[in-house]
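S.K.: pasting the sequence and the predicted model now:
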Amino acid sequence: MPRRSRERSKRDKVLAVGGSALLIALLAVGTVVVARGSGPGPLPPATGGEPATPAAAGGGGIGGGSAAPPSLPGAQTWSNGASSYVFGTNDGIDYAEPAFSSVTGPSSPQAMVKQGGLTLDRVWGWDDMSTATITQKVSAANNSGMTCYFMLGAINDLAWMERTVDLVEPMGCHLFEFGNEPDQYNSAAGQSIAKYTTMWNTDIPQLRALSVCSAAHACLFGGPAVAYPTSADSSVGNYPSDLAHFLGQSAAAGVRADFVSYHDYPCYGYTDQSACLTHTTQAFAQDQDEVLGWEQQYYGKIVPTGISEYNFDAGSSTLSNWGGDSRFMYDWTRTAIEAFVANHFSFAMQFTSLNDSGYGKLDMFSDSAPYEPKAQFYGIVSSVEKYGGPSTLAVPSPLP
């Protein structure tokens, strides 16, 4: 299928060829409000069994409670040990215009993000984007005062990835994520973590060998950006999850990730806001603990680890019902960041800034002029201020 069928938005996923099976699965957990984002669908079934440790991977799992992940280059340590990179966002596919990268000026979302002190921007890149579009997105990250974290979407096109790294690395992008949600809707990888990992093991050495990556600002490559940290497809073999398979097989091939990423939408389908808030704190901690344990088991050490996409819900009726509730969005965002700080996440990026994701419900700015910030933006800003970040904004009362 074409590239846009591999990395579908929630809207496109149910319209894609073969999407009827997905739609049935989504309907099984409740009414679907289709969201234009990259987040996961209903939770996958739990998997059991003990992981099989490849010969090349050493160590035993210790869990996240025994050690904190190290920092990514450029991250600062704020008060209470908070990594400055947990105050990030996404600049994803632009489902409508205007979008985050195309609106400029002294009161634009870019200017507001800079004043708010947000720190890390996951910039999405695809092979059907023009050079001008990619450049505009990277420039928006720079103009906003955020560090560029670039997602290489077309992992089946090495030549495109090489050209793109050559383009954006001199612009300040040194962190590269290989693909997006290989455990969901990635036809180039055959919807198989095994094929994704094979591409990683083949392509990452060639990307690391690029001249721009061997210069003073070395490139770092990470993944696998799975939709669920515990998802497991039929190709994992004796591994307990897709992510564990990636770690074990990349270790065995000698092509280890410089950082590990995954996605988390902990309240998909919830009907009670209080329960959602409680579950969010627990889920973020438990998922991280699982991932760090696998890193220790298969890599023999913990690497910088974080969530490259998060929000409370990716596209169930819960998103429609609560996405416009200012008090809830503010409180949920602060709860999420508290969990990231308490558990020493290396990075975290909210989904999303202004791309008409989830028909605007997932965006932290309104999609029409003057593109006013929403409550979730101020939730991040207030957390930046709490932990000593550079925000110069006042959180309004009442919330917008």
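M.R.: The structure has been received and is ready for your questions.
S.K.: nearest residue to the middle of this protein?
M.R.: Centroid-nearest residue in the chain: Ser308, 2.0 Å away (criterion: C-alpha atoms, centre = their mean).
S.K.: what helices or strands is the host helix or strand of Leu292 leaning on?
M.R.: Secondary structure assignment for Leu292, by DSSP states H and E: helix 273-299. Helix 273-299 is packed against helix 242-252, strand 259-264, strand 305-310, helix 326-342, with contacts defined by 3 or more C-beta pairs under 8 Å, 6 or more residues apart in numbering; DSSP states H and E. Yep, even glycine has a C-beta here, placed from its N, CA and C like the rest.
S.K.: re earlier: the residue nearest to the centre of the chain is in contact with Glu177, isn't it?
M.R.: Yes: with contact defined as C-beta atoms under 8 Å, Ser308 and Glu177 form a contacting pair (6.1 Å).
S.K.: now do the shared contacts for the two.
M.R.: Common contacts of Ser308 and Glu177, defined by C-beta atoms under 8 Å, 6 or more residues apart in numbering, comprise 122, 149, 151, 225, 261.
S.K.: how much space separates the nearest residue to Cys219 once chain neighbours are set aside from Asp233?
M.R.: Nearest residue to Cys219, sequence neighbours excluded (C-beta to C-beta, 6 or more residues apart in numbering): Cys213, at 3.7 Å. Separation of Cys213 from Asp233 (C-beta to C-beta, to the nearest Å): 30 Å.
S.K.: return the subset of the shared contacts of Ser308 and Glu177 lying in strands.
M.R.: If you go by DSSP state E, the shared contacts of Ser308 and Glu177 have 122, 149, 151, 225, 261 in strands.
S.K.: any chance of CSV for those residues, columns distance to Ala283 and neighbour count?
M.R.: Formatted as CSV, those follow (distance: C-beta to C-beta, whole Å; neighbours: other C-beta atoms under 10 Å):
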residue, distance to Ala283, neighbour count
Arg122, 20, 28
Tyr149, 23, 29
Met151, 23, 26
Ala225, 18, 24
Ser261, 17, 30
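S.K.: low pLDDT regions in the protein?
M.R.: Low-confidence segments of the chain (pLDDT under 70): 1-66, 185-191.
S.K.: can you pull out the strands in it?
M.R.: Using DSSP E, strands in the chain cover 88-91, 120-125, 147-152, 175-178, 220-226, 259-264, 305-310, 347-350.
S.K.: so can I have TSV of those strands showing distance to Lys195?
M.R.: Formatted as TSV, the strands of the chain follow (distance: least, C-beta to C-beta, whole Å):
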stretch	distance to Lys195
strand 88-91	25
strand 120-125	21
strand 147-152	16
strand 175-178	13
strand 220-226	12
strand 259-264	18
strand 305-310	21
strand 347-350	26
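S.K.: out of those, which gets nearest to Ser250?
M.R.: strand 220-226 (8.8 Å; C-beta to C-beta).
S.K.: partners of that closest one in the sheet?
M.R.: strand 175-178 (parallel), strand 259-264 (parallel) (DSSP bridges).
S.K.: burial check on Thr198, number of neighbours?
M.R.: 15 (other C-beta atoms under 10 Å).
S.K.: distance of it from Tyr85?
M.R.: On the measure of C-beta to C-beta, Thr198 and Tyr85 end up 30 Å apart.
S.K.: ditto for Thr197
M.R.: Distance from Thr197 to Tyr85, by C-beta to C-beta: 25 Å.
S.K.: same thing with Asp127?
M.R.: Asp127 is 27 Å from Tyr85, by C-beta to C-beta.
S.K.: repeat that for Asn143.
M.R.: Distance from Asn143 to Tyr85, by C-beta to C-beta: 18 Å.
S.K.: again with Trp124
M.R.: Look at Trp124 and Tyr85: by C-beta to C-beta, they are 18 Å apart.
S.K.: was I right to think Ser261 contacts Gly222?
M.R.: Yes: Ser261 lies in contact with Gly222 (C-beta under 8 Å); the separation is 5.5 Å.
S.K.: so what sits against both of those two?
M.R.: Joint contacts of Ser261 and Gly222 (C-beta under 8 Å, 6+ apart) are Glu177.
S.K.: buried stuff in the helix holding Leu292?
M.R.: 273, 276-277, 279-281, 283-299 (16 or more other C-beta atoms under 10 Å).
S.K.: same question for stretch 379-397.
M.R.: In stretch 379-397, counting by 16+ other C-beta under 10 Å, buried: 379-387, 389-391, 393, 395.
S.K.: do the same with stretch 337-350
M.R.: 337-341, 343-350.
S.K.: also stretch 200-215?
M.R.: Residues of stretch 200-215 classed as buried by neighbour count (16+ other C-beta under 10 Å): 200-201, 203-204, 207-208, 210, 212-213.
S.K.: distance to Asp356 for the shared contacts of Ser308 and Glu177 - can I get that in TSV?
M.R.: Listed next are the shared contacts of Ser308 and Glu177 as TSV, based on distance: C-beta to C-beta, whole Å:
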residue	distance to Asp356
Arg122	17
Tyr149	21
Met151	18
Ala225	21
Ser261	24
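S.K.: which one of the residues you listed is nearest to Phe100?
M.R.: For the shared contacts of Ser308 and Glu177, the nearest to Phe100 is Arg122 (11.4 Å; C-beta to C-beta).
S.K.: go ahead and confirm that closest one touches Glu309.
M.R.: Yes: counting by C-beta under 8 Å, Arg122 does reach Glu309; the two are 7.4 Å apart.
S.K.: overlap of the contact sets of those two?
M.R.: 90, 349.
S.K.: in TSV: the helices and strands packed on helix 273-299, plus distance to Ser139.
M.R.: Formatted as TSV, the helices and strands packed on helix 273-299 follow (distance: least, C-beta to C-beta, whole Å):
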stretch	distance to Ser139
helix 242-252	32
strand 259-264	23
strand 305-310	21
helix 326-342	26
